[in-house]
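Chemist: got a sequence here, can you build the structure:
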Amino acid sequence: MLWHLLWITLIVVIYNLYRYYQEDDSYDYSPVETDTSDNIQKETNMEETISTKQLALNIIEHIGSEPKYTEEGYIQFEYQGVIFLMETANDCMFVNLIWPWCHSFSKFDIDEFARVRQVVNDINARGTATVIYGITDSDDVAIHIKKNFLFVPQIPNLEEYLRLMLDCFFRTARTLDLEIEKCRLQECER
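Modeler: Residues are numbered from 1 along each chain as shown. The predicted structure follows:
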């Protein structure tokens, strides 16, 4: 009896192996779409044809801004009356976008510094952009907003994507101003 079960199991295994290796080639079922060598070649050519820096320059022009280079190598452009800086590298798919000096205050105003520090920490904890502050050579403390994001030709509708990223800066600056004012009002109520 045991030999019969072993023979039946062996026959079933051999039959399944035979079917597996002799399947009809016209029926090509693949649950996962795989890249062919043509697709890989097209992607490689696309990446070789335009660098991240050149792509950024083109998209900035498409949104109606005029890009310029700064002495530090940043791309500077104006969008809705605000000067932005973009840091790019040809071999990197990410860019850093910075709104310098979105807010400032005197470094001698200790109460304002305490408010700003609290608000900046809150925004950084729950926001998508990073708010940073730093002491300058003058008597001011400068607040900057920075965001790092993917910027490649494969992203559909890159102009709208960049506008969305820029709008994030305006929302963050508005939140910064509102929260600082709320802190001032709370202090007045005490």
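Chemist: now do the strands in this protein.
Modeler: Assigned by DSSP state E, the strands in the chain fall at 68-69, 75-79, 82-87, 94-106, 130-135, 140-150.
Chemist: tell me the helices and strands packed up against the shortest one.
Modeler: Pointing back at strand 68-69 there. strand 75-79 (3 or more Cβ pairs under 8 Å, 6 or more residues apart in numbering; DSSP states H and E). Quick note: C-beta positions are derived from backbone N, CA and C, even for glycine.
Chemist: could I get the strands of the chain as TSV with distance to residue 59 and mean pLDDT?
Modeler: Formatted as TSV, those follow (distance: least, Cβ to Cβ, whole Å; pLDDT from 0 to 100):
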stretch	distance to residue 59	mean pLDDT
strand 68-69	15	96
strand 75-79	10	97
strand 82-87	10	96
strand 94-106	10	94
strand 130-135	22	89
strand 140-150	12	95
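Chemist: closest one to residue 172 among the ones you listed?
Modeler: Nearest of the strands of the chain to residue 172, taken as Cβ to Cβ: strand 140-150 at 5.3 Å.
Chemist: give the buried residues for the closest one.
Modeler: By 16 or more other Cβ atoms under 10 Å, the buried positions in strand 140-150 come out as 140-147, 149.
Chemist: show me where pLDDT drops low in the protein?
Modeler: Where the chain drops to pLDDT under 70, the residues are 1, 17, 20-49.
Chemist: for residue 12, state which of the buried residues of strand 140-150 is nearest.
Modeler: residue 149 (54.9 Å).
Chemist: please name the nearest non-neighbouring residue to the closest one.
Modeler: The shortest distance from residue 149 to any non-neighbouring residue, by Cβ to Cβ, 6 or more residues apart in numbering, is to residue 165 (5.8 Å).
Chemist: what does residue 101 give?
Modeler: Using Cβ to Cβ, 6+ apart and skipping the chain neighbours, the partner closest in space to residue 101 is residue 142 (5.1 Å).
Chemist: contacting residues for that neighbour?
Modeler: Neighbouring residues of residue 142 by Cβ atoms under 8 Å, 6 or more residues apart in numbering: 100-101, 103-104, 133-134, 136.
Chemist: top helix in the protein by residue count?
Modeler: When the chain is parsed with DSSP state H, its longest helix is helix 158-189.
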